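Asks: Quick one, structure for this:
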Amino acid sequence: MGFFNNVKNIKDQVLEYDSVPNIEQLQGVFDKIDEQADKEMEKKNEERKHFESLSADEKIEYKRIQRRNKNLKRLGLYGLTVAGMATGVGVPVLMAANIGTILSDDNLTYNKDNHDAKAKKLNKKTKSSKNNAQKPREYFTVSYDEKGFPRVSTLVDRDPFNLQERYKELMWE
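Replies: Coordinates of the predicted model:
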């Protein structure tokens, strides 16, 4: 999915240096690359919006389907490789499959929009985790009585299930 985005990013980096002579002759090719990259980005943004609109259960199912489709593609490439090896051309087929996977990987080049989206998502997670952080557990507390003597109570001293009162009620009956 990211092949044209990767090519566009590489092209933009090359154009920054002005080191390639007669670069104007390739403008038609650059326009097509940019057009295809824009289509890929639109498709990816639509997919992201769709994913964000899903509920939690639907997101889990969506990710499962994406993993399944990816594994089916891999399985098809492995089958193609095995068939190629049987005919004696397995290594070039395997290389072509891996090159296609590498070139279509979205992480091959830097994309500012993807980076910003991931950073925003991580910032949301860290803020929500800070808000949901629990107070540290107090293992002991020190209080003072009327005479000024310290009275220490520990975590073990507390009766969270009110067992003493229950015991007294049962014994009373």
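Asks: so who does Arg151 touch?
Replies: Val142, Ser143, Tyr144, Asp145 (C-beta atoms under 8 Å, 6 or more residues apart in numbering). For glycine as for every other residue, the C-beta is placed from the backbone atoms N, C-alpha and C.
Asks: quick check, it in a helix?
Replies: No - remark: Arg151 does not belong to a helix; assigned using DSSP: H, G, I helix; E, B strand; the rest coil, it is strand.
Asks: Beta-bridge partners for it, please?
Replies: Using DSSP bridges, the beta-bridge partners of Arg151 come out as Ser143.
Asks: For stretch 155-172, the averaged confidence score.
Replies: Mean per-residue pLDDT for stretch 155-172: 76.
Asks: mind listing the strands in the protein by residue range?
Replies: Counting by DSSP state E, the segments of the chain that form strands are 140-144, 150-154.
Asks: Turn the ones you listed into JSON lines, columns for distance to Asn5.
Replies: Below are the strands of the chain laid out as JSON lines (distance: least, C-beta to C-beta, whole Å):
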{"stretch": "strand 140-144", "distance to Asn5": "58"}
{"stretch": "strand 150-154", "distance to Asn5": "60"}
